[in-house]
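1. got a sequence here, can you build the structure:
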Amino acid sequence: MRRLLLGTLILFVAVVLAVPAPAATVLKFSSIHEPAHPSAYTAEFFASRVKQLTKGEVEVQVYHSRQLGDARDNVENVRNGSIAFTSVSISNLSQVLPAMDAWSLPFIFKSDDHYWYVLNDPRAMEFMKQLEPKGIKTITWITSGARNFFTQKPIRTPADMKGMKIRVMASPVMINSMKAMGASGVPVAWGELYTALQTGVVDGAENNHPSLISMKFYEVSKFYTLDEHMRIPDVNIISTKVFDKLSKSQQAAILQAGVEATAYMRGAWKVAETEDLAKLKGLMKEIITVDKRPFMDAVGPLVKEESKKLGAENFINFVLQTGKNF
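-> Below you'll find the model as predicted:
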């Protein structure tokens, strides 16, 4: 009998060992940035933490440099569930829900500290929950710093912008902001901007220091005006179609990885901003520091009008009120 039991046990163990471990759930993460951009290596960090926290149950594969599409493509592909994740500027979410354009309003943040104070307030993430019925769940915030103008002609005051064509994202608020400053806002896909600057389709654009370096925009623009007109958050988002199919423990792991990714990128971004601005000083004809007040005055009425139009008055009033402490 003992031999029979021992033989049965050995057979059972052999069968168990022969059964392959369940295959990992593989999810795609699409990034529009080059691998050297802080947003791109934050995506890699996020992917590694998801794998660790789920003990290999979920594997996130990161595709850089618009391999799976530009920002607008990524948003739609997240909504339909063909990709799981992307990092995107909230401006690009205005195509899904116009209220998201409130984040693009100019000069609503006094400083980087004010920006993070707002993002860490529960009201900020509550505002983002409006996207969930549209198929998008916000995982975490990813900074993209302050936005500045890079152009062929110098910008020192709003008067210098008269008649200029400035590339912006497909955001009505951004287009109207350029108009208020005297320029024309022209939506151009991120991957097409270098050529648009090179061929004169646009006279300039606006973005942050790391983006100028990673995309080599310093090769096709001469002047960089540090007016810091917008601080539009980037967010890591996941398809609700994908998220809802995951186990509770896997969902918790993804959200935890998101929190850690925010902390990781805040440090990485500070280093990249400092280093990249120093590089740009040797790569562009002139780095221009301006008096922000004339630019703020030019767009002042727009902030009030647009926040009301977008149904975001209460949230923007909260942002503006907290700014008085910074």
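2. going forward, measure contacts between C-alpha atoms and count neighbours the same way
-> Fine.
3. from residue 141, how far out is residue 259?
-> Residue 259 sits 8 Å away from residue 141, taking C-alpha to C-alpha, to the nearest Å as the criterion.
4. more crowded one of those two?
-> Between residue 259 and residue 141, counted using other C-alpha atoms under 10 Å, residue 141 has the larger neighbour count: 27 against 16.
5. which strand residues bridge the more buried one?
-> Listed beta-bridge partners, residue 141: residue 235 (assigned using DSSP bridges).
6. could you check the pLDDT of it?
-> As predicted, residue 141 sits at a pLDDT of 95.
7. that one reaches residue 262, doesn't it?
-> Yes. Using C-alpha atoms under 8 Å, residue 141 and residue 262 qualify as a contacting pair, with a distance of 6.0 Å.
8. helices along this protein, start to end?
-> Counting by DSSP state H, one finds helices in the chain at the ranges 2-18, 38-53, 71-80, 112-119, 122-128, 172-180, 193-199, 209-215, 240-243, 248-283, 293-309, 313-323.
9. wait, which of those is closest to residue 161?
-> Using C-alpha to C-alpha as the measure, helix 172-180 is the one of those that comes nearest residue 161, at 8.5 Å.
10. show me what that closest one is packed up against.
-> strand 165-168, strand 184-187, helix 293-309 (3 or more C-alpha pairs under 8 Å, 6 or more residues apart in numbering; DSSP states H and E).
11. which residues touch it?
-> With C-alpha atoms under 8 Å, 6 or more residues apart in numbering as the test, helix 172-180 has contacts from 101-102, 104-106, 166, 168, 184-187, 298-299, 302, 306.
12. can you check stretch 256-270 too?
-> Outside stretch 256-270, the residues that touch it by C-alpha under 8 Å, 6+ apart are 38-39, 42-43, 45-46, 49-50, 53, 139-145, 236.
13. can you tell me the centre-most residue of the protein?
-> Taking C-alpha atoms, centre = their mean as the criterion, residue 234 is the residue nearest the geometric centre of the chain, at 2.4 Å.
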